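**Q** Return atomic coordinates for the entry below.
(one chain, ligands or ions: 1)
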Amino acid sequence: MAEFSKLAEPGSPEELLVRRIDRTRLPRHVAIIMDGNGRWAKSRSLPRVEGHRAGVAAVRDTVESAARLGLEVLTLYAFSVENWKRPRFEVWTLMNLLKEYVRKEREALVENDIRFNVLGRWRELDPSVVKEIETTLEATKGCQGMSFNIALNYSGRCEIVDACRRIVSDWAAGKRADIDEETIGRYLYTSGQADPDLLIRTSGELRVSNFLLWQIAYAEIWVTQTLWPEFRRKDLFDAILAFQGRERRYGGVTQTENADFFHSGQSGQSRH
Ligand code: FPP
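**A** All right, here's what the predicted structure looks like:
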């Protein structure tokens, strides 16, 4: 259940923002491209990995706030298949941070009824990481609150390839489904979850970086200059307020434009 009262100190700037959020029109799924850890560290003359270390606090605050707001799904992009190109020590540190996070947060996730999922080819990671993930998946499998996805060793294109491969192998085994959007959605890593309504990217970059390519078809995109280690609930509330101010048309026309058609007899233009 949403716990808006625990989201902000009375009288704080966060409280002013959270009060403006319309609880009946929350995005069901928020996906975040966490970016800017390296720049955060550089601006403090620290090694890049210190940016990732500082980013863990932002992850904690975001997961807690998203669950308290009552979001259905939160997805964080933690490690892409392309990230293997980074220096070995950086990859090693990231894997250790992830392992530590998954182990340390296990109890808190269960207590807060948060269901943990991992998107990507995570079974190819080091066995010590796989083991911590499996334990947390098992511990949270009965949780009924927010679903919290971490995208790990993830690529949107690989996800579509993996879905096609599983469809073909099911066909070969006699489990045949029509090839349509519903079937493809069911074979993706996010099977059963709502598609993201809101995609957030930190650090000002204007790219989707191979993230949830199928699922973000109609997502609203919100980009902040804030670097990930500094991202906090205030930024999440800002993003949700911006989302609630947008008009989503899914390729159609606005309700007003539709009404105009009937009043004036002129056709509304289809928009994307
Ligand atoms: C992008 O910043 C960030 C990442 C590739 C990793 C994100 C990882 C964390 C926040 C830490 C661990 C995560 C969890 C879920 C516990 P960048 O390094 O590309 O930044 P830059 O563009 O400024 O160099």
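
**Q** Which elements pack onto the helix or strand hosting residue 162?
**A** Using DSSP states H and E, residue 162 maps to helix 156-172. Applying 3 or more Cβ pairs under 8 Å, 6 or more residues apart in numbering; DSSP states H and E, we find helix 156-172 packed against helix 181-187. C-beta coordinates here come from the backbone N, C-alpha and C atoms, glycine included.

**Q** The helix it packs on packs against which elements?
**A** Using 3+ Cβ pairs under 8 Å, 6+ apart, helix 181-187 sits against helix 156-172.

**Q** pretty sure residue 220 contacts residue 250?
**A** No. Using Cβ atoms under 8 Å, residue 220 makes no contact with residue 250, being 11.2 Å away.

**Q** Where does the prediction get shaky in the chain?
**A** Low-confidence segments of the chain, defined by pLDDT under 70: 1-2, 255, 261-272.

**Q** The longest helix along the chain: how far from the chain's middle?
**A** Counting by DSSP state H, the longest helix found in the chain is helix 48-69. Centroid separation for helix 48-69 versus its chain: 13 Å, with Cα atoms, centre = their mean, to the nearest Å.

**Q** tell me which residues in the helix or strand just after that helix are buried?
**A** Using DSSP H and E, the helix or strand that follows helix 48-69 towards the C-terminus is strand 73-80. For strand 73-80, a neighbour-count test (16 or more other Cβ atoms under 10 Å) marks 73-80 as buried.

**Q** Strand 73-80 vs helix 156-172, what angle?
**A** If you take axes from the mean of the first three to the mean of the last three Cα atoms, to 10 degrees, strand 73-80 sits at 110 degrees to helix 156-172.

**Q** quick one, which of residue 220 and residue 250 is more surrounded?
**A** The neighbour comparison of residue 220 against residue 250 (other Cβ atoms under 10 Å) goes to residue 220, with 19 against 8.

**Q** Can you name the residues that contact the more buried one?
**A** Each residue near residue 220 by Cβ atoms under 8 Å, 6 or more residues apart in numbering is listed here: 27, 197-199, 242-243, 246, 248.

**Q** next one: residue 15
**A** So residue 15 contacts 7-9 (Cβ under 8 Å, 6+ apart).

**Q** Export the residues you listed as JSON lines, with columns for distance to residue 61.
**A** JSON lines is the format used below for these (distance: Cβ to Cβ, whole Å):
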{"residue": "7", "distance to residue 61": "11"}
{"residue": "8", "distance to residue 61": "12"}
{"residue": "9", "distance to residue 61": "14"}
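
**Q** quick check, nearest of the residues you listed to residue 143?
**A** Nearest to residue 143 among these: residue 7, at 19.9 Å, using Cβ to Cβ.

**Q** tally of neighbours for that closest one?
**A** 21.

**Q** out of the buried residues of strand 73-80, which touch the ligand?
**A** 76, 78 (Cβ under 6 Å from any ligand atom).

**Q** So which of the buried residues of strand 73-80 is the closest to residue 129?
**A** Nearest member of the buried residues of strand 73-80 to residue 129, counting by Cβ to Cβ, is residue 79, at 10.0 Å.

**Q** Let me see the ranges of the helices in the stretch 1-150 of the chain.
**A** For the stretch 1-150 of the chain, applying DSSP state H, counting those that start in this stretch gives helices covering 13-20, 37-43, 48-69, 88-104, 106-111, 127-140.

**Q** which strands and helices sit next to the fifth one?
**A** Think helix 106-111. If you count contacts as 3+ Cβ pairs under 8 Å, 6+ apart, helix 106-111 packs onto helix 127-140.
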